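**Student:** Please find the sequence and the predicted model below.
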Amino acid sequence: MYNGKTAKALYSECETLRQTYLERARDCSELTIPTLIPPEGHSYATKYETPYQGVGARGVNNLASKLLLALFPPNAPFFRLSVDKYKLRELGGDDESKTEIEKALSEIERTVMREVETSALRVPVFEALKHLVVAGNVLIFTPKKGGIRVFQLENYIVKRDPFGNVMHICTKEVVAPAALPENIRAEVNEEALKRQTGTNEPTVELYTAICRQDDGKFYVWQEVEGNQIPGTVGYFKEEDNPYIPLRYSRVDGEDYGRGLVEEYLGDLKSLEALTQAIVKLAAASANIKILVDPNGTTKAKNLAQSPSGAFVSGRANDVSVLQMEKVADMRVTKEVAGSIEQRLAYAFLLHTSVQRDAERVTAEEIRYMAQELESALGGAYSILSQEFQLPLVTRIMDRMASEKRLPKLPKGELVKPMIVTGVEALGRGNDLNKLDMFVAGVGQIFGPEAIQQYVNVSDYLSRRATSLGIETEGLIRSDEDVQAEAQQQQQQMMMAQMAEKLGPSAIKSATDVSLAQGGEAPVEEPPPAE
C-alpha cells in the first residue's frame with residue numbers, strides 16, 4: 001500500500017483525471033488509425049469504422065517511421081559514452097588514460113548496439129511512437145529479461161509534480177486466474193467471476209503500482225482483488241526504474257502530454273467531412289438515369305431491349321440523361337479539401353509536401369525544403385532524448401551488466417551517456433550546411449586558388465565527416481601519410497629523370513643513398529621482351 005491506499009484505489013483516484021486525455025486520444029485515433037486506441041468497451045468482435053480519407057493514417061505511419069529512424073538509426077550508435085576530463089583530472093588521470101578509457105567505452109558502445117540490433121527493439125518502439133503521435137502518451141516497460149512492453153493510455157495512470165517528475169504510476173491488466181501464483185489463485189472466486197462476466201473464461205484485474213518515496217526511490221508492488229502478490233514488492237532507484245512514461249509534448253502543470261494529431265484535429269475533421277461529401281457526390285454522379293418522355297413517341301422498352309447500333313423508332317427530344325449539375329460545387333469542395341490535405345502533408349512530413357507545384361523544381365530546392373521540415377521535429381527530439389533514449393540506454397546497460405555481458409561503469413559524473421541522434425543530428429546537419437556555404441562562398445569570391453592556399457583540407461574533411469556522423473578512423477589519411485606519399489612520388493620522379501640523363505649507374509647510386517637515409521628501394525620494372 002502507498003499512504004494507506006491500495007493499487008486499485010490509486011488507479012481509480014487518477015482515472016477521472018485521465019479521462020479527458022483518453023477521450024481526446026480516441027477522437028484522434030478515429031480519424032487516423034481507429035484500431036490504435038479503440039473505443040471504450042472494445043473486444044475482439046468490435047467493428048471499426050474506416051475513415052473516408054487516408055491522409056491521417058499515412059501521416060502517422062510516416063512520422064513514426066521518421067522518428068524511429070532518427071532516434072534509432074540502423075547500423076549506427078544513437079548514443080556515446082563520454083568522459084568528463086575535469087573529473088578524470090581530479091582522480092589523477094592524464095590524456096593518455098583518457099584515450100585508453102575512450103577506446104574501452106567505444107567497445108562498450110558497439111556491444112550495446114549489437115544488443116539493440118539483435119533484440120528486435122524497434123518493433124515495440126515503432127508501436128510506442130505511433131501512440132505518441134496520436135495520443136501523446138505511452139508507457140514503456142523494460143523488464144530484466146525479454147523485450148519491451150508497451151502500455152497504451154487506457155491501461156495506466158501517471159501523476160507528476162509541477163516540474164514534470166514522476167510521482168507514481170499504476171497499470172491495469174486483465175489476466176486469466178491461471179496466470180497467477182497458486183496461493184493468490186486460491187483466493188480468487190472463479191465462479192463469481194464467471195457470473196459477473198457472463199463467460200466461461202473468468203478474468204481478474206492485475207494492478208501494478210510504482211510510487212516515489214521521500215528518499216527518491218520508487219516502491220513497487222502488484223495486487224489482485226485487493227490481495228498483494230508475494231514476491232512482487234521491491235524498490236527501484238530513479239535511474240533503474242523500468243517503467244518509462246513518455247510524452248510527445250510537455251505541457252506545464254499537466255500529468256499527461258499532447259499528441260501531434262491533436263494539434264491538427266480540426267483539419268482532419270474538415271478533411272473527413274469534405275472527403276465524405278466528395279465520395280458521395282461522385283457516387284451519385286456515377287449513377288446514370290436515362291429519362292424518356294411518357295407523352296412522346298419513343299418507347300422506353302424498345303430502347304432497353306434493342307442492341308447497340310439497332311434502329312429504333314422515336315425522337316431524340318423524347319430521351320435525356322439525368323445530370324446532377326453540381327460540377328461547380330464539387331470543384332470548390334475539391335479545392336478546399338486539397339488545401340487542407342497539403343497542410344496536413346506539411347504537418348506529417350509527407351514527401352508530397354516537399355515538392356512545390358511547378359514545372360521545374362531543382363533537386364537542391366527539394367533537399368532544402370526537406371531539411372526545413374526535419375527541423376520542425378526539434379521539440380519532439382528534445383523531449384524524447386531526455387525522457388526516452390537516455391533511460392532506455394541506462395536500462396539496457398544495467399541489464400547487460402547484471403547478466404555479466406558488460407562491465408559495470410563507475411557511478412557518478414565520470415562517464416555519462418550522451419545522445420547523438422535527434423536534436424544533435426539536426427545541429428550537425430546545420431553545421432554541414434554552414435560549412436559548405438562558407439567554402440563555396442570563398443571559392444566564388446576569391447577563386448579556387450584561395451581555397452587551396454588558406455583552407456585546411458584535412459580539417460575540412462574531418463568536420464564534414466563529423467557533421468554526417470561518419471567514423472573517420474582508417475578513412476581519412478593523416479598529414480604525415482600524405483607528406484610521406486608526396487615525398488616518395490617526388491623521389492621516384494627524380495630517379496626517372498636521372499635515369500633518362502645518366503643511365504642505370506645513377507639509379508644504383510641514388511638507391512644506395514635512399515637506403516642509407518632510411519628510404520625504400522624503388523621497384524625495378526622488368527626489361528621489355530624482345
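**Tutor:** The structure has been received and is ready for your questions.
**Student:** Which strands and helices lie in contact with the host helix or strand of Val60?
**Tutor:** Element membership for Val60 (DSSP states H and E) is helix 55-71. The helices and strands touching helix 55-71, judged by 3 or more Cβ pairs under 8 Å, 6 or more residues apart in numbering; DSSP states H and E, are helix 122-134, helix 260-263, helix 265-286, helix 327-347, helix 378-384. Every C-beta, even on glycine, is put in place using the N, C-alpha and C of the backbone.
**Student:** Give me the distance between the strand or helix carrying Ser12 and the centre of its chain.
**Tutor:** In this structure, Ser12 sits in helix 7-30 according to DSSP H and E. Chain-centre distance of helix 7-30: 25 Å, with Cα atoms, centre = their mean, to the nearest Å.
**Student:** Let me know the angle separating that helix from helix 265-286.
**Tutor:** Angle between the axes of helix 7-30 and helix 265-286 is 50 degrees (criterion: axes from the mean of the first three to the mean of the last three Cα atoms, to 10 degrees).
**Student:** where exactly do the strands run in this protein?
**Tutor:** With DSSP state E as the criterion, the chain has strands at 79-83, 137-141, 149-151, 156-160, 166-175, 204-212, 218-224, 227-228, 234-236, 243-247, 290-292, 319-321, 415-419.
**Student:** What strands flank the fifth one, and is each parallel or antiparallel?
**Tutor:** Within its sheet, strand 166-175 is paired with strand 156-160 (antiparallel), strand 204-212 (antiparallel), according to DSSP bridges.
**Student:** What are the buried residues along the last one?
**Tutor:** Translated: strand 204-212. Val204, Leu206, Tyr207, Thr208, Ala209, Ile210, Cys211, Arg212 (16 or more other Cβ atoms under 10 Å).
**Student:** before we move on, the earlier item: wait, which of the strands paired with strand 166-175 is closest to Thr20?
**Tutor:** strand 156-160 (12.7 Å; Cβ to Cβ).
**Student:** which other residues reach that closest one?
**Tutor:** For strand 156-160, contacts defined as Cβ atoms under 8 Å, 6 or more residues apart in numbering pick out 10-11, 14-15, 17-18, 137, 139, 166-172, 245, 254-256.
**Student:** any idea how far Val420 is from the closest residue to Glu102 other than its chain neighbours?
**Tutor:** In space, and not counting its chain neighbours, Glu102 is closest to Val83: 6.2 Å by Cβ to Cβ, 6 or more residues apart in numbering. Val83 sits 15 Å away from Val420, going by Cβ to Cβ, to the nearest Å.
**Student:** just to revisit the earlier point, lowest average pLDDT across the helices and strands packed on helix 55-71?
**Tutor:** Here the lowest mean pLDDT among the helices and strands packed on helix 55-71 goes to helix 378-384, at a mean of 76.
**Student:** Tell me if I'm right that Thr208 and Val220 touch.
**Tutor:** Yes: contact criterion Cβ atoms under 8 Å: Thr208 and Val220 qualify, at 7.1 Å.
**Student:** Spell out which residues are contacts of both of these two.
**Tutor:** By Cβ under 8 Å, 6+ apart, the residues touching both Thr208 and Val220 are Thr232.
**Student:** Quick check: which ranges of the stretch 151-300 of the chain have low pLDDT?
**Tutor:** Applying pLDDT under 70 to the stretch 151-300 of the chain flags the ranges 183, 186-201.
**Student:** let's see 50
**Tutor:** Applying pLDDT under 50 to the stretch 151-300 of the chain flags residues 195.
**Student:** and stretch 150-157, which residues are buried?
**Tutor:** Val150, Phe151, Gln152, Leu153, Glu154, Tyr156, Ile157.
**Student:** and the gap between Met324 and Val332?
**Tutor:** When Met324 is compared with Val332 (using Cβ to Cβ), they lie 14 Å apart.
**Student:** Comparing those two, which residue is more hemmed in?
**Tutor:** For Met324 versus Val332, neighbours defined as other Cβ atoms under 10 Å are more numerous around Met324 (13 against 10).
**Student:** ok, now how distant is that one from Met330?
**Tutor:** To Met330, Met324 is 9 Å away according to Cβ to Cβ.
**Student:** and for those two, which residues touch both?
**Tutor:** Joint contacts of Met324 and Met330 (Cβ under 8 Å, 6+ apart) are Leu281, Ser285.
**Student:** model confidence over stretch 419-438, on average?
**Tutor:** Mean predicted confidence for stretch 419-438 is 64.
**Student:** thinking again about what came up before, quick one: contacts of the helix holding Ser12?
**Tutor:** Contacting residues not belonging to helix 7-30 are listed as 2, 5, 35-40, 49, 51, 134-137, 153-154, 157-159, 168, 170, 172, 205, 207-209, 211, 221-223, 226, 255-256, 259, 261-262, 265, 268 [Cβ under 8 Å, 6+ apart].
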